[in-house]
Each structure stands twice: as C-alpha cells, then as structure tokens.
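Trainee: what's the 3D shape of this:
(2 chains)
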Amino acid sequence: MELTGEEKKMQMLFSELRLADEQTVPSLSATWNRAQARRFRPRRAFNFSFAAATALLICALASLAWWSTHWQRAQQPIAVAGTPSGILPTPKAPEVTPLYNGTPPSKGTKSEPTKRSSSGHRFEVRAKLRADKLSAQQEANLLAAAQKQAAAISGWQSPTSTLMNSANDDLLKSLPKLNESTNELKSFLPSTPK
Amino acid sequence: MKQIDPMDIAELKAELEALHSASFGWALSCCRRDRAEAEDVLQTVYLKILEGKARFRGEAAFKTWLFAVIRKTAAGEYRRRLLRSLKLIPGREDASDSSSPEAGPVATFERSEVGIRFQTALKTLPARQREALHLVFYEDLSLREAADVMGVSIGSARQHYERGKKRLRETLDRADVAYGINWRRKENADAV
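Mentor: Below you'll find the model as predicted:
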C-alpha cells in the first residue's frame, strides 16, 4: 500500500512505538513455558456460576417432588368419595391392640404388656390405637357418604317426567273391555231366532 | 481435546518465535496498552495453540490467523475481566505477576512527551479504528489482511482506517504534538 505524506508521518510514530515495545517484549520461552505450565495445571475446582446453577436446579427438582407428593395426597380423598359404593373397600374393623390381658386391673398392679413395655412403647400403642380408630371412622364416614349418594342416584327422576302425565292417562293406558261392550249391545238388539 | 504431535509443536514454535514481537505488540494494542494483560493474553493464545483449541488450517496467512486468535482471546479476556470485576466469576489464582507498566524498563519513546501524547491520542480512538491503524502502520499489513484479522469486510476496514486517521490527526492537532511535524502543513521535509 502506497502511503501519502500524512500516512508516512503516522507510520513513523507507530514505528517509534514498535521500537519502544520491542525493548520490553517478554521472551518467547518464558511465555511459552508459562503457557505449558498452565496447560498441565489442574482446572479450577470451584466455579461459582456452575455451583449456583446446580443449586438452583436441585432446589427446583426438590420443590417439584414436594409439590407432586402433596398434590397426590390432596387428590386421593376426592377420588375415593367419587367411586361407587360397590367399588368401595369394606371398612375393616379396627385392630385393637389389647392393653389388658382379660383380668381387670387391680389397684397398684399393671396389665401384662404395660408392665413389659416402657412408657415410650405405651405411647406408641396408644397412638396406633388412636390412628386405627380415626381411620376406621373415616372409612365409615366415606362409606355412609357413598351409600347416601347411591340412594340419591337410584331415586333420581328426570325433571321433565311430569310433562308425560295427562288427565286421560287411564283411558290411554288401560285396555278396552271388548266382551262387556258387545254384551251390552246385544241387549239392545232384537232377539233373532236361531 | 485433540493433541498436537511434537513435530507440529516444534514447527509452530518456530513460526511463533518469528512473530513473537509483533504478536506482543498486537496484544498490547488489543489490551489498551496494558502489558500484564497483553502477556496474559499471549500466554492464553499459546495455550490454545498447544491444546489444539486454535488450529491453523491454512485458510489465511499464518500471521493473519495468529493475529485474529490474539484479537478474539483479548476480547474474551476483557469480558472475563469485566465479569470478575462484578464478582460473577472468581479471580484467577495464576494471574501473572511478571510485569507491569511501571515495573518493566520503560522505553524512551514511551516516556517522552510525544510518546505519551501519541498513546493518549490512540486511546481516544474507537477500538476498530485503533486496530485498523495499528495493523496497517505498526504491523505493516495491507488493508485486506487487516480486514481478515478484524473479521470485517475490506470496505469496513478501509472506513475504519480512514476515520481513524482523521480522528488521530485531529486529536494530535489539539494536543499540539511537536514531533518535528506540523500536521496542518502539507509537507514537512525535516520530519521524514
């Protein structure tokens, strides 16, 4: 490229700068060796942005899992209430864990299992008993509700069924008594010799 | 990651050695005359070449290709530096502590008033214009080669070059650079 006067002046300034830079150029071997050292250096273990992204992903997955389980639990009773009575499971009698072994508890003496079990075990038994009772009650309630629904469905009538009724329903629905009417007619006829 | 065989590395190193000084000057220009950053960029470029991330396929001249790699790496490093300043990514432990503008031997031209004014004028130019001027005047590349390095069309490169020249002249006029050159005069026989 041919340079004009002004360009030559600029080139001169740039060449001065280049000469100045050349005096301070780091040696190739030093730069090369440092690059090679960096090549074999282990990569940075912790990357903040990567860690943040991973944490966000984990949070999202955890919240999704939590939401799905709660949603399923919320949907379950509705589904049971909606099933017909025939499909409903029969309520089981609550399994009561015997606290007493038949003999009435006397003052100062404790029943056999209570004696053996610790206070924690007693609490567990009571809690289980209460839970069983509660579940049985819930099932009974559900069954009653389902039966009520079934009864309501069987006694259901269409709201337009009353329109089908009329004043001449008896005439329309009953069969004509043909024999009687002919006999009555015969009585009016003159008797003919056979 | 593709590995380069040792023979290729030796050849590459020989070619890089020939262009090392020019590469450093170009890296300096891309890093706004920050020596430490320029060294860092050059190291990263050599690392890319060693790891095979930057491969010369012979589509352009080796010098053009190398300068384009330096330019891209410098832009990447600048972005990373910005993010680092915003604390979005952790700082590099292996940041080179080798040299700084103050630590190294500062050349006479750079210390001189003319040199300082010239560098200040260069810094006021937009990056593209500065790059075009540097590639043409400092690296003695043609406008086509400069366009290849900058990744623009030759028309754009020419525009950047012309605008850069005009702007640099205006800035130097304002600063009254008296390097034996009066920019307003058409010819100065003593200067050249």
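
Trainee: And the residue of chain A closest to chain B?
Mentor: Closest contact between chain A and chain B, by Cβ to the nearest Cβ, is at residue A:20 (3.3 Å). To be clear about C-beta, it is placed using only N, CA and C from the backbone, and glycine gets the same treatment.

Trainee: Name the residues of the helix or strand hosting that residue that are buried.
Mentor: Assigned by DSSP states H and E, residue A:20 belongs to helix A:5-22. By 16 or more other Cβ atoms under 10 Å in any protein chain shown, the buried positions in helix A:5-22 come out as A:6-7, A:9-14, A:16-18, A:20-21.

Trainee: Identify the farthest-apart pair in those.
Mentor: Distances among these were taken as Cβ to Cβ; the most separated pair is A:6 and A:21, at 22.8 Å.

Trainee: Where does the prediction get shaky in the chain?
Mentor: Chain wasn't specified; assuming chain A. A:1-3, A:41-46, A:75-117, A:178, A:180-181, A:191-194 (pLDDT under 70).

Trainee: hmm, I had chain B in mind actually
Mentor: For chain B, the ranges with pLDDT under 70 are B:1-7, B:87-111, B:176-192.

Trainee: Can you tell me the element the residue most central in space within it falls in?
Mentor: Centroid check for chain B by Cα atoms, centre = their mean gives residue B:26 as the closest residue, at 2.4 Å. In this assignment (DSSP H and E), residue B:26 forms part of helix B:6-30.

Trainee: other SSEs contacting that helix?
Mentor: helix A:5-22, helix A:28-40, helix B:35-51, helix B:62-85, helix B:127-133 (3 or more Cβ pairs under 8 Å, 6 or more residues apart in numbering or on different chains; DSSP states H and E).

Trainee: what comes into contact with that helix?
Mentor: The list of residues contacting helix B:6-30 from outside it, by Cβ atoms under 8 Å, 6 or more residues apart in numbering or on different chains, reads A:18, A:21-22, A:25-26, A:28, A:31-32, B:4, B:34-35, B:38-39, B:41-42, B:45-46, B:49-50, B:56, B:62-63, B:66-67, B:70-71, B:74-75, B:130-131, B:134-135, B:138-139.

Trainee: Please list the residues of chain A that sit near chain B.
Mentor: A:1, A:5-26, A:28, A:30-32, A:34-36, A:38-39, A:41, A:44, A:46-49 (Cβ under 8 Å from any Cβ of the partner chain).

Trainee: at 7 Å what do you get?
Mentor: Neighbours of chain B within chain A, by Cβ under 7 Å from any Cβ of the partner chain: A:1, A:5-6, A:8-14, A:16-26, A:28, A:31-32, A:34-36, A:38-39, A:41, A:48-49.

Trainee: per the record, what domains does chain B have?
Mentor: Domain assignment for chain B, taken from automatic domain parsing, gives B:1-102, B:105-183.

Trainee: which secondary structure elements does the helix holding residue A:20 contact?
Mentor: Helix A:5-22 makes packing contacts with helix B:6-30, helix B:108-111, helix B:113-124, helix B:154-175 when contacts are defined by 3 or more Cβ pairs under 7 Å, 6 or more residues apart in numbering or on different chains; DSSP states H and E.

Trainee: Show me which positions of the last one end up buried.
Mentor: Within helix B:154-175, the residues that qualify as buried by neighbour count (16+ other Cβ under 10 Å) are B:157-158, B:160-161, B:163-165, B:167-169, B:171-172, B:175.

Trainee: Residue A:66: neighbouring residues, count only.
Mentor: 10 (other Cβ atoms under 10 Å in any protein chain shown).

Trainee: what about it, which helix or strand?
Mentor: Residue A:66 belongs to helix A:48-82, assigned by DSSP H and E.

Trainee: Between helix B:62-85 and that helix, find me the angle.
Mentor: 60 degrees (axes from the mean of the first three to the mean of the last three Cα atoms, to 10 degrees).

Trainee: Counting by contacts, list what helix A:48-82 packs against.
Mentor: Contacts defined by 3+ Cβ pairs under 7 Å, 6+ apart place helix A:48-82 against helix A:119-154.

Trainee: before we move on, back to that, mind putting the domains of chain B into TSV with distance to residue A:121?
Mentor: As requested, those are exported to TSV (distance: least, Cβ to Cβ, whole Å):
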stretch	distance to residue A:121
domain B:1-102	55
domain B:105-183	79
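
Trainee: Stretch B:119-135: which residues count as buried?
Mentor: Result for stretch B:119-135 [16+ other Cβ under 10 Å]: buried residues B:119, B:121-122, B:125, B:128-135.

Trainee: Other residues contacting it?
Mentor: Stretch B:119-135 is contacted by residues B:29, B:32-33, B:141, B:146, B:149-150, B:157, B:160-161, B:163-165, B:167-168, B:171-172, B:175 when judged by Cβ atoms under 7 Å, 6 or more residues apart in numbering or on different chains.

Trainee: With stretch B:144-162 instead?
Mentor: Counting by Cβ under 7 Å, 6+ apart, residues outside stretch B:144-162 touching it are B:60-61, B:64, B:67-68, B:71, B:128-129, B:131-133, B:135-136, B:143.

Trainee: Switch the residues you listed over to JSON lines; also include distance to residue A:61.
Mentor: Shown next, in JSON lines, are the contacts of stretch B:144-162 (distance: Cβ to Cβ, whole Å):
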{"residue": "B:60", "distance to residue A:61": "48"}
{"residue": "B:61", "distance to residue A:61": "52"}
{"residue": "B:64", "distance to residue A:61": "49"}
{"residue": "B:67", "distance to residue A:61": "47"}
{"residue": "B:68", "distance to residue A:61": "43"}
{"residue": "B:71", "distance to residue A:61": "42"}
{"residue": "B:128", "distance to residue A:61": "46"}
{"residue": "B:129", "distance to residue A:61": "51"}
{"residue": "B:131", "distance to residue A:61": "47"}
{"residue": "B:132", "distance to residue A:61": "51"}
{"residue": "B:133", "distance to residue A:61": "54"}
{"residue": "B:135", "distance to residue A:61": "51"}
{"residue": "B:136", "distance to residue A:61": "56"}
{"residue": "B:143", "distance to residue A:61": "56"}
